[in-house]
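1. coordinates for the following, if possible.
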Amino acid sequence: MTIEATDRLVDTVTDTAHRLGLSRTGVYAQIKAGKLRAVKAGGKTLITRDDQAAWVASLSELKTAVGA
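-> Numbers count the residues shown, from 1 in each chain. Got it, this is the predicted structure:
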């Protein structure tokens, strides 16, 4: 049985960075700041898809000037 990348429940830091459009350093910075939850499995740092979605939902909306 092959598990597609879209069927995974967790991603590595590298995969999370690609999904969220961040660098690996940016992902680790968000984890260190307590804004993105990560778990450890053996020596790997993993981020659940639910935690990635929660991080995106927590971002501030970009306010733009009306008529600009």
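
2. now the chain, which segments are flagged as low pLDDT?
-> Applying pLDDT under 70 to the chain flags residues 1-6, 67-68.

3. what segments of it are helices?
-> 13-20, 24-32, 49-58 (DSSP state H).

4. for those helices, which one ends up most surrounded?
-> helix 13-20 (a mean of 18; mean count of other Cβ atoms under 10 Å). The way it works is simple: take the backbone N, C-alpha and C, and place the C-beta from them, glycine included.

5. what does that helix rub up against?
-> Applying Cβ atoms under 8 Å, 6 or more residues apart in numbering, the contact partners of helix 13-20 are 5, 11, 22-24, 26-28, 38, 45, 47, 52, 55-56.

6. quick one: buried residues of the top strand by length along the chain?
-> In the chain, assigned by DSSP state E, the strand with the most residues is strand 44-48. Buried residues in strand 44-48, counted by 16 or more other Cβ atoms under 10 Å: 45, 46, 47, 48.

7. now do the contacts for the second one.
-> I take that to be residue 46. Here residue 46 is in contact with 10, 11, 12, 38, 39, 40 (Cβ under 8 Å, 6+ apart).

8. kindly report the same for the first one.
-> Applying Cβ under 8 Å, 6+ apart to residue 45 gives the contacts 12, 13, 31, 38, 39.

9. how much space separates the third one from residue 62?
-> Same thing as residue 31. Per Cβ to Cβ, to the nearest Å, residue 31 is found 23 Å from residue 62.

10. so what's the most centrally placed residue in the chain up against?
-> In the chain, the residue lying closest to the centroid (Cα atoms, centre = their mean) is residue 52, at 3.9 Å. By Cβ under 8 Å, 6+ apart, the contact set of residue 52 is 11, 16, 19, 20, 36.
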